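Peer 1: From the sequence below, what's the structure:
(one chain, ligands or ions: 2)
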Amino acid sequence: MQEKGLLIVLSGPSGVGKGTVRKEIFSQPDTAFEYSVSATTRKPREGELDGVDYFFKTREAFEEMIENDQLLEYAEYVGNYYGTPVDYVRKTLDEGKDVFLEIEVQGAGQVRRKFPEGLFIFLAPPSLSELENRIVTRGTETEDLIKGRMKAAREELEMMELYDYVVENDKVELACERVKSIVVAEHCRRERVQYRYKKMLEVD
Ligand SMILES: Nc1nc2c(ncn2[C@@H]2O[C@H](COP(=O)(O)OP(=O)(O)O)[C@@H](O)[C@H]2O)c(=O)[nH]1
Ligand SMILES: Nc1ncnc2c1ncn2[C@@H]1O[C@H](COP(=O)(O)OP(=O)(O)O)[C@@H](O)[C@H]1O
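Peer 2: Ligands and ions are numbered 1, 2, ... in the order given. The predicted structure is shown next:
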């Protein structure tokens, strides 16, 4: 039987740099994880592509996905739905590949209940003021939305203790290295290595 891949969940407050760290990880040629593209009802930002950055959906289409049980998790965040299509995740894990989710903390909580064997990594900002700087300098939000995101961020930071690992995103390259090292260590810690040896011993 094919050994299953590892479900890696990167979460943390909005504006901490999840998207930035994820893009950097996936731009590196030695990264062997598969990225799970999320569905959302938020409008595409300039340069974003359907099916690459997100599957952009209407509210009706998204609600249909919820009703048809097509989402592993979903959350409504600052007025929009975000969710993880479940088929891709299951299929890819069954193929023995690691799947990487980059999602906000409500959704990560749902994934934890469904996939307790997943690897849950919390990306933390160096400070609250730096988090606010990042949300402001990104410049995609109005003042009201920034306030909403900061309020959510404070609550989200309290969820940190439910995670397997906390990675500080001080410098993007360092944060990426930490995430990748954790995944390597996790593979060594779990049955994967033992499983391979068991197979070898069975053959001999
Ligand atoms: N629960 C959940 N959250 C998601 C998903 N995809 C993206 N998010 C999160 O939704 C939040 C808002 O995303 P977005 O509008 O792209 O803004 P940004 O990531 O803050 O630039 C971020 O915290 C994302 O990580 C998903 O499939 N499920
Ligand atoms: N380590 C970092 N140092 C400084 N700025 C960062 C760092 N990581 C991300 N940023 C910036 O912070 C802002 C928010 O990052 P983003 O990846 O959109 O966050 P998230 O996906 O968590 O909402 C962006 O302007 C990004 O360039």
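Peer 1: so for the helix or strand encompassing Glu202, what's the average pLDDT?
Peer 2: Per DSSP states H and E, Glu202 falls inside helix 191-203. Taken as a whole, helix 191-203 has a mean pLDDT of 72.
Peer 1: for stretch 58-74, same thing?
Peer 2: For stretch 58-74, the mean pLDDT works out to 98.
Peer 1: can you dump the C-alpha coordinates of that stretch into PDB?
Peer 2: Extracted as PDB, the C-alpha positions of stretch 58-74 are listed here (Å, rounded to 0.1, in the frame of the first residue of the first chain):
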ATOM      1  CA  THR A  58     -19.200  33.700  -6.600                       C
ATOM      2  CA  ARG A  59     -20.900  33.500  -3.200                       C
ATOM      3  CA  GLU A  60     -23.500  31.100  -4.700                       C
ATOM      4  CA  ALA A  61     -20.900  28.800  -6.200                       C
ATOM      5  CA  PHE A  62     -19.000  28.800  -2.900                       C
ATOM      6  CA  GLU A  63     -22.100  28.000  -0.900                       C
ATOM      7  CA  GLU A  64     -22.800  25.100  -3.300                       C
ATOM      8  CA  MET A  65     -19.300  23.700  -2.600                       C
ATOM      9  CA  ILE A  66     -20.100  23.900   1.200                       C
ATOM     10  CA  GLU A  67     -23.400  22.100   0.700                       C
ATOM     11  CA  ASN A  68     -21.900  19.400  -1.500                       C
ATOM     12  CA  ASP A  69     -19.200  18.800   1.100                       C
ATOM     13  CA  GLN A  70     -16.400  19.700  -1.300                       C
ATOM     14  CA  LEU A  71     -14.400  21.600   1.200                       C
ATOM     15  CA  LEU A  72     -12.000  20.200   3.800                       C
ATOM     16  CA  GLU A  73     -12.500  23.500   5.800                       C
ATOM     17  CA  TYR A  74     -13.700  26.900   5.200                       C
END
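Peer 1: Which residues does it contact?
Peer 2: 39-41, 57, 81-87, 89, 103, 107-108, 110-111, 114 (Cβ atoms under 8 Å, 6 or more residues apart in numbering). The C-beta positions use only the backbone N, C-alpha and C, and glycine is treated the same way.
Peer 1: Where does Thr137 sit: helix, strand or coil?
Peer 2: Following DSSP: H, G, I helix; E, B strand; the rest coil, the label given to Thr137 is helix.
Peer 1: Count the residues that sit near it.
Peer 2: Per other Cβ atoms under 10 Å, the neighbour tally for Thr137 reads 8.
Peer 1: so what pLDDT did it get?
Peer 2: 84.
Peer 1: Which helix or strand in the protein has the lowest average pLDDT?
Peer 2: helix 191-203 (a mean of 72; mean pLDDT, DSSP states H and E).
Peer 1: Any idea how far stretch 66-75 is from the middle of the chain?
Peer 2: 16 Å (Cα atoms, centre = their mean, to the nearest Å).
Peer 1: touching ligand 1 at all, that stretch?
Peer 2: Yes - remark: stretch 66-75 sits within contact range of ligand 1 at Glu73, Ala75, by Cβ under 6 Å from any ligand atom.
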